[in-house]
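Q: Turn this into a structure:
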Amino acid sequence: MKPINIAIAGVGNCASSLIQGLEYYRHQKSPETAGLMHANLGGYTIESVKVVAAFDIDKRKVGKSLEQAIFAKPNNTTIFQAELPSSGVTVQMGPVHDGLAEHMAQYPENQAFRVSDAQAVDVAKVLKETKAEVLICYLPVGSEQAVRYYAQACLDAGCAMVNCVPVFIASNAEWAEKFKARGLPIVGDDIKSQVGATIIHRTLARLMSDRGVKLDHTYQLNTGGNTDFLNMLNHERLKSKRISKTESVQSQLDTRLAPENIHIGPSDFVAWQKDNKVCFLRMEWRGFGDVPMNLEARLSVEDSPNSAGVVIDAIRLAKLALDRGVSGPLLEASSYLMKHPPQQFRDSVAREQLEKFIAGK
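A: Predicted structure coming up:
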């Protein structure tokens, strides 16, 4: 198979884990790869993925080689593959738009963005010149204008999109139609981690409904020390994130909870946690005889590596769709890999449907 040429918008922790993983697994002898649906998906392996372009706005990353930029501050994720070959890719200045929250300026340089004074490039032009086939959107939560800019750049350049953030593109009817009309696939919105807070909460919510109990209240509180959590201290940028995470859980219940009985979302920034995310989960329900019961759980994960494998699956699925001439939102891929897809399914159903898509049925 030919390589899958990808471009990355946002060279943060998630991009760092992705790039490290591409090199890490090139040296593994195991036929399986931890974190992927399949080592070989439709003829494409992890070795098929090739980065041809990258965009960011931070002065410590713009103008640097990609393999240098992923280790620059404020990135603070786990380094599991320190030695990287030359990528031949230089990080280019993207448009800022609303990609930077104002409150970031009050935090130290090792925690927050510092905007480069370089001139922004024409992203669509770069995508065309580098022959990028799939753009991975890793922009900060709340970057509504910036994400739409990159989505339009994909349309203009003829590039598929994997939207890893909770700005609704694939799940927005107008944007979905644009990608369909342009003959381009899109996977979105808001990436699920391999085993993270959302997938565990969804699974437990479905379990409650399947076992016939009445769920009364639930919350999911998350803390972390990466730039994502720092960015989300501005609650005005959190609206779509809360919608995405809440709807992902609500969709698994036979009877939806009233808004006042469910609370899901990032809670606070704890600098020393770095890229470690801690989730506190509580569920209260009534069983037979309306007897009250409850569950509390604590989950600790490295946030960015936890989603990198899922993104590699999404990249390969977008490429399969390009090969097959399938356009618009990929419902099977989006429902299984994303928190806010165009259509929600039970995870077991979504997996079954996605396997059929991979098989070409």
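Q: in the stretch 251-361 of the chain, which spans are helices?
A: 305-324, 331-337, 347-359 (DSSP state H, counting those that start in this stretch).
Q: tell me which element residue 198 is part of?
A: helix 197-210 (DSSP states H and E).
Q: What of residue 39?
A: Judged by DSSP H and E, residue 39 forms part of no helix or strand.
Q: residue contacts, it?
A: 31-33, 45-46 (C-beta atoms under 8 Å, 6 or more residues apart in numbering). C-beta here means a position set from N, CA and C on the backbone, and glycine is covered the same way.
Q: Would you list the buried entries among those?
A: Using 16 or more other C-beta atoms under 10 Å as the burial test, the contacts of residue 39 include 33, 45-46 as buried.
Q: how about CSV for the residues you listed, with secondary structure and pLDDT added?
A: As requested, the buried ones among the contacts of residue 39 are arranged in CSV below (DSSP: H, G, I helix; E, B strand; the rest coil; pLDDT from 0 to 100):
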residue, secondary structure, pLDDT
33, coil, 82
45, coil, 94
46, helix, 94
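Q: start to end distance for stretch 248-268?
A: In stretch 248-268, first residue to last residue: 21 Å (C-alpha to C-alpha, to the nearest Å).
Q: Can you point out the buried residues in it?
A: 248-253, 257, 262-267.
Q: low pLDDT regions in this protein?
A: 31 (pLDDT under 70).
Q: State the distance from the residue of it positioned farthest from its centre to residue 340.
A: Relative to the mean C-alpha coordinate of the chain, counting by C-alpha atoms, centre = their mean, the farthest residue is residue 289 (41.8 Å). Distance of residue 289 to residue 340, given as C-beta to C-beta, to the nearest Å: 37 Å.
Q: What of residue 45?
A: From residue 45 to residue 340 the distance is 29 Å (C-beta to C-beta).
Q: ok so, going back, closest one to residue 296 out of the buried ones among the contacts of residue 39, please.
A: residue 33 (33.2 Å; C-beta to C-beta).
Q: contacting residues around the closest one?
A: Contacts of residue 33 (C-beta under 8 Å, 6+ apart): 25, 39, 46, 309.
Q: Mind doing that once more with 10 Å?
A: 21, 24-25, 39-40, 45-46, 309, 312 (C-beta atoms under 10 Å, 6 or more residues apart in numbering).
Q: ok, now residue 96?
A: 57, 113, 115-116, 120, 143, 145-146, 149.
Q: go on, residue 90?
A: Neighbours of residue 90 in contact, by C-beta under 10 Å, 6+ apart: 53-54, 62-66, 68-69.
Q: Kindly recompute the last result at 8 Å.
A: Counting by C-beta under 8 Å, 6+ apart, residue 90 has contacts 54, 63-66.
Q: do residue 17 as well
A: 77-78, 304-305, 307-308.
Q: and if you look at residue 356?
A: Applying C-beta under 8 Å, 6+ apart, the residues near residue 356 are residue 332.
Q: With the one 3 residues further on instead?
A: With contacts defined as C-beta under 8 Å, 6+ apart, residue 359 is in contact with no residue.
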